[in-house]
Structure formats: C-alpha cells, structure tokens
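1. my questions concern the predicted model and sequence given below.
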Amino acid sequence: MSQATGDLAEGAAKLAGEIGGASVQAVLNEANRTAVRKGAAGALGSMQPKPAEWYAFDTGDQRTADWYPQGLTGGDSGSLGVPVFVVSWYFRPEAGERGIRVSFLSPQTLKYRHALLVAAKPDGSYGPIDIHAGGIACHGDLLYVADTVRGLRVFDLRNLLDLSTAQNDLGDPERVGRHDGRLHAFGYRYVIPQTDLWQVATAGPRFSFVSVDRSGATPLLITGEFRGDDPGGWVARWPLNMAGGEPQDAFVMGQPKIQGALSSGGTWYLSQSAGSTRNGKLIVHAGDTSQARPFPIGPEDLTVQDGKLWSVTEYPDKRVIFGVDL
C-alpha cells in the first residue's frame, strides 16, 4: 500500500478551522438516541450460551432499510478518553446516496449519536463518501475505515466537528456540503472529514474489514477480505505506520463468508455469516486447532474491549452490539 493523502488533509484542516471541534465525550453528552440493554433478542437466534452482554439500537435504527451497520471498534487504546463503541453504517439505496456514518455509543449510559463521515475539499466544502465501510478500527486519535477496492481511509477524531457552532440550526436535511454560504450534512450535527488514505494497487487485494491487535508489545493493524463461497480470502497484519507498504504477515483464512477477523495473544478469531435467518459462527484458530463457537445472526466486524470480544449484527430488527468471552 502507498500513502495517497492528496488534498484530504488540506480540506479537513480548512473545515476544522471554520467549525468548532468536539470531543467524543461531548458527542455522548449530546446523544439523542438510547440503546436497549439485551433488546432485539431475535438477533441471537438459536445461540447458546447467549452473549455475556448485548445492546440493541433503538427502534428507528432497527427498522430502517436505508442504513446497515457493518464495522465496530472501541476505545481500548485509551486516547478517546471515555469508554465507547464506534459503529460504521453504509447507506444502501442506490438513489439519493448519503454515504457512511458512525455511531458513538456509551456502554455506561447506552446513549448514542450518529456522525457523518465526509470528504472535505480545499475550498471548504465537502461531500459524502460512497463506500461499504465493512470494518473500522481505532488507534490513538485515528479511525481507519475499510474501503473495499481502495484500501484504508483515515479520519482524525480530533477533527470531530460540531456544525451547531457554525450556525444556529443543522441545515437542510436533504443537502450536504456548502450551499449559499451555509453548511449542510443531511441534518447531522457532527461531521468527521477524512484526513488520509492508504491506497492499494489497482490489482491488489480487497479490504473488507479491519481491526487492531493490541496483545503484543507493538499494536498491529489487521485487514482481510470477504469472499462469498470461496474459502481463499486473505487476512494480513500491518505495522500501524504502514512502513514499507507491505504487511508483516498474511494468511489464507480457509473459510468462506468471513466478515471480520482479529488476532489476540496468538489466537485468531473469525466472524462468519450465514445470511439473515441463520446463526453465524465464531471460528477460533489456535496453533493447529480450530473450533466453531455459536454466534448471532448476521455477525460483522470484530474488536476487543474490556477483555471481551465484541461484534455487531446487521439485519433489520436484529441489530445489536454484543460481547463474548475470548
């Protein structure tokens, strides 16, 4: 991979210079949605034993056919200053593209709020980002977002921008960017502009999901590839600074339909989906042995927080963040 910052950092800096910033804690203080502890139990299907803990999104986010959750990460690196889960969502309809968003959810209060991820321009405007956002990972102040065919998009969470400080209202809910001197973000209060891009070669691998292995002396970024019925998808570990543009190591997973992967303490964890009505599996590979553990319906990306393995499920009325023992 190679760094392809272009004018992304310039555009983000111009926007940040105009709009007041906000901390993750400030966003949670202004949260306008509430998750339900152990709600949407249909997401668990026949899973036994049930997860140690799970949180369901509110009714509106459960039922929408427009937005699908995909990526999950947490604040285990400590830099965000508050316990939090971050979830990525992509906009599914082909018409009226609204890009991708992230939710900041407090496991302490169960309050959460969405923010729109945008591509800023040097002229001070910005637009939505039309990708799948199948996985996300946070380390330090940086949020990495998987872009299937391009590589990894990078967002600096110090540029979490509050539109309410720039104007009295949140603009037109049907518009995005700068129009007639005013800022719009489809009605979202918070926007986060992209600051960098790690780009893969045109014929390179696909980036379906991403996570961070913090179990060793040096944290590693993990990326991998979803393939339908093909068990030949790859997974790789990279230095966080992408030194040399090559992974530290890479493996063929030997399993189809992998939606997320994480290595921790010498063990690999693979999240495997099986459609909208059947339970998925957690594939655990340690040494020369593999085992399949029960998992909910529609499991996606993986992260570790507070000593547990967490994932998020994607299907309507079955959307939860859940944690199981490592």
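-> Structure received. Numbers count the residues shown, from 1 in each chain.
2. so Asn241, which of the three states?
-> coil (DSSP: H, G, I helix; E, B strand; the rest coil).
3. next one: phi and psi at it?
-> Per-residue torsions, Asn241: phi -90, psi 10 (degrees, to the nearest 10).
4. I'd say Ser271 and Gly280 touch.
-> Yes. Ser271 lies in contact with Gly280 (Cβ atoms under 8 Å); the separation is 6.7 Å. Every residue, glycine included, has its C-beta placed from N, CA and C.
5. more neighbours: which of those two?
-> Per other Cβ atoms under 10 Å, whichever of Ser271 and Gly280 has more neighbours is Ser271, with 29 against 24.
6. residue at max distance from the center of this protein?
-> Asp180 (32.4 Å; Cα atoms, centre = their mean).
7. at which residues are the strands of the stretch 201-326 of the chain located?
-> 209-213, 220-224, 234-239, 249-252, 258-264, 267-272, 279-286, 289-297, 299-305, 308-313, 320-325 (DSSP state E, counting those that start in this stretch).
8. quick revisit: quick one: contacts for the residue farthest from the centre of the chain?
-> Counting by Cβ atoms under 8 Å, 6 or more residues apart in numbering, Asp180 makes contact with nothing.
9. quickly note the distance from it to Ser125.
-> According to Cβ to Cβ, to the nearest Å, Asp180 and Ser125 sit 12 Å apart.
10. below-threshold pLDDT in the protein: ranges please.
-> 75-79, 168-169 (pLDDT under 70).
11. grab the longest helix from it for me.
-> Counting residues, the longest helix found in the chain (DSSP state H) is helix 8-18.
12. centre of the chain versus that one, how much separation?
-> 22 Å (Cα atoms, centre = their mean, to the nearest Å).
13. ok, now stretch 153-165?
-> The mean C-alpha position of stretch 153-165 is separated from the chain mean by 15 Å, Cα atoms, centre = their mean.
14. could you dump it to CSV, C-alpha only?
-> Taking Å, rounded to 0.1, in the frame of the first residue of the first chain, the C-alpha atoms of stretch 153-165 are listed here in CSV:
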residue,chain,number,x,y,z
ARG,A,153,-9.4,5.7,4.6
VAL,A,154,-8.2,7.5,7.7
PHE,A,155,-10.1,10.0,9.9
ASP,A,156,-8.6,12.0,12.7
LEU,A,157,-11.1,12.1,15.6
ARG,A,158,-9.6,15.4,16.8
ASN,A,159,-11.5,16.7,13.8
LEU,A,160,-14.9,15.7,15.1
LEU,A,161,-16.7,18.9,14.0
ASP,A,162,-19.9,20.3,15.5
LEU,A,163,-22.0,22.2,12.9
SER,A,164,-24.1,23.8,15.6
THR,A,165,-21.2,26.0,16.5
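15. and the strands of the stretch 201-326 of the chain: which comes nearest Ala120?
-> strand 209-213 (21.8 Å; Cβ to Cβ).
16. packing partners of the closest one?
-> Here strand 209-213 touches strand 67-74, strand 136-139, strand 142-147, strand 220-224, strand 258-264, strand 299-305, going by 3 or more Cβ pairs under 8 Å, 6 or more residues apart in numbering; DSSP states H and E.
17. recalculate using a threshold of 7 Å.
-> With contacts defined as 3 or more Cβ pairs under 7 Å, 6 or more residues apart in numbering; DSSP states H and E, strand 209-213 has these neighbours: strand 136-139, strand 142-147, strand 220-224, strand 258-264, strand 299-305.
18. residues in contact with the first one?
-> Going back to what we said before, that points to strand 136-139. 71-73, 75, 77, 86, 88, 143-145, 210-212, 219, 221, 240, 301 (Cβ atoms under 7 Å, 6 or more residues apart in numbering).
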